[in-house]
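**Student:** One predicted model, sequence on top.
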Amino acid sequence: MDKIEALDFANKHFNSVFNSSNTHFANVNKAKPVWWIEIPINKIKSPNLPYIHLLLKSDRALNWLKVDRQYFVDNLAGFKVRENKDVICLEINSNTFQNMVGPNRASFKQFLI
């Protein structure tokens with residue numbers, strides 16, 4: 001599944017509006033059970049964006065995480081930041097929904113819809 005297919009599926013089956021501006025997509029990594037996501041810092045700091053949606057495809061399902069943008073703002077220091085790309089990096093375990101990189105190894109399970 002690619003991002004366009006995921007957005008199309010989510011817009012048809014989930015009760016929300018998904019687009020390239022508010023949604024990030026990842027397939028589960030083939031080498032280890034994680035999803036890799038990079039979110040631009042300017043998106044996290046945009047007051048016009050109340051939520052950042054993560055569509056995470058596993059072998060079994062398309063998982064939707066609805067993350068309040070303010071969560072990223074409030075916890076920015078706990079995430080791995082790639083200064084050269086001005087993004088935060090997430091490596092979310094596909095079994096536990098726990099972020100595996102950066103100083104804050106927070107669980108994202110609370111955002112699972």
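**Tutor:** Good, I have the coordinates.
**Student:** Ramachandran coordinates for the closest residue in space to residue 97 that isn't next to it in sequence?
**Tutor:** By the measure of Cβ to Cβ, 6 or more residues apart in numbering, the closest residue to residue 97 outside its immediate chain neighbours is residue 109, 4.1 Å from it. From N, CA and C alone the C-beta is placed, and that goes for glycine too. Dihedral angles phi and psi of residue 109 (degrees, to the nearest 10) take the values phi -60, psi -30.
**Student:** Check residue 60 too.
**Tutor:** Note on residue 60: backbone dihedrals following degrees, to the nearest 10 are phi -100, psi -30.
**Student:** In contact with the residue positioned nearest the centre of the chain, which residues?
**Tutor:** The geometric centre of the chain, computed from its C-alpha atoms, lies nearest to residue 54 (Cα atoms, centre = their mean), at 3.6 Å. Contacts of residue 54 were listed using Cβ atoms under 8 Å, 6 or more residues apart in numbering, and they are 23-26, 35, 37, 63-65, 67, 92, 108, 111.
**Student:** Strands of this structure, start to end?
**Tutor:** Counting by DSSP state E, the chain forms strands over residues 23-27, 34-40, 51-57, 62-68, 80-82, 87-93, given from the N-terminal end onward.
**Student:** Out of the ones you listed, the one nearest residue 12 is which?
**Tutor:** Among those, strand 62-68 comes nearest to residue 12, with 11.2 Å by Cβ to Cβ.
**Student:** All set now, cheers.
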